[in-house]
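**Student:** Got a predicted structure here, sequence first:
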Amino acid sequence: RWLKCVGPSSLQAAERLVHAAKAQSTRRAAPVGAMVHYPDDIEYSDKYMDISCEYRHVILTRAIAKAMLKLTVGNRLLEEKEWRDLGVQQSRGWAHYEIHKPEPHILLFRRALGTDPITGQVPSGFAASGGA
């Protein structure tokens, strides 16, 4: 399950935030045809947010990305147990919500603002959804 964040054009706002966060990243975008950068250890972005959700992206190592792609064939989102089993460590309530096809080794996560990081309990007023 993933959280459907409500608010005006949440998806477009999230896409703008992801692109802005990547643009501000210390790592420059690789030119077309260049090799993908894989970190030595899993890297976690700072959190960024819109009016209803907070977001972060996680960059996997080459070995972990390979294991993830073997598990999902790049066609589905990871459940919490799956991304935790791959070694991703973060507080409760985060949901893998999108696959960015050009960079499948970068996992995109979100959770509702106000989610309890200990229990993962979502504040009332947010709808949980099973699909896009």
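**Tutor:** That came through, no problem.

**Student:** Now do the helices for this structure: every range, in order, please.
**Tutor:** 10-24, 62-72, 80-85 (DSSP state H).

**Student:** ranking these by mean pLDDT, which is last?
**Tutor:** Lowest mean pLDDT within those: helix 10-24, at a mean of 55.

**Student:** Do you know the pLDDT at the residue nearest to His57 when sequence neighbours are not counted?
**Tutor:** Leaving aside its chain neighbours, His57 sits nearest to Ser45 (4.7 Å; criterion: Cβ to Cβ, 6 or more residues apart in numbering). Using the backbone N, CA and C atoms, a C-beta is placed for each residue, glycine as well. Turning to Ser45, the model gives it a pLDDT of 96.

**Student:** Measure how buried the closest residue to Ala112 other than its chain neighbours is and give me the count.
**Tutor:** Closest residue to Ala112 apart from its sequence neighbours, by Cβ to Cβ, 6+ apart: Phe126 at 4.4 Å. By other Cβ atoms under 10 Å, the residues close to Phe126 number 18.

**Student:** Please report how far Phe126 lies from Val73.
**Tutor:** In this view, Phe126 and Val73 are 30 Å apart by Cβ to Cβ, to the nearest Å.

**Student:** For this structure, give me the ranges with low pLDDT.
**Tutor:** Low-confidence segments of the chain (pLDDT under 70): 1-34, 127-132.

**Student:** mind redoing it with 50?
**Tutor:** Low-confidence segments of the chain (pLDDT under 50): 1-2, 6-9, 25-27, 129-132.

**Student:** All the strands of it, in order from the start?
**Tutor:** 2-4, 43-44, 48-49, 53-59, 95-99, 106-112, 127-129 (DSSP state E).
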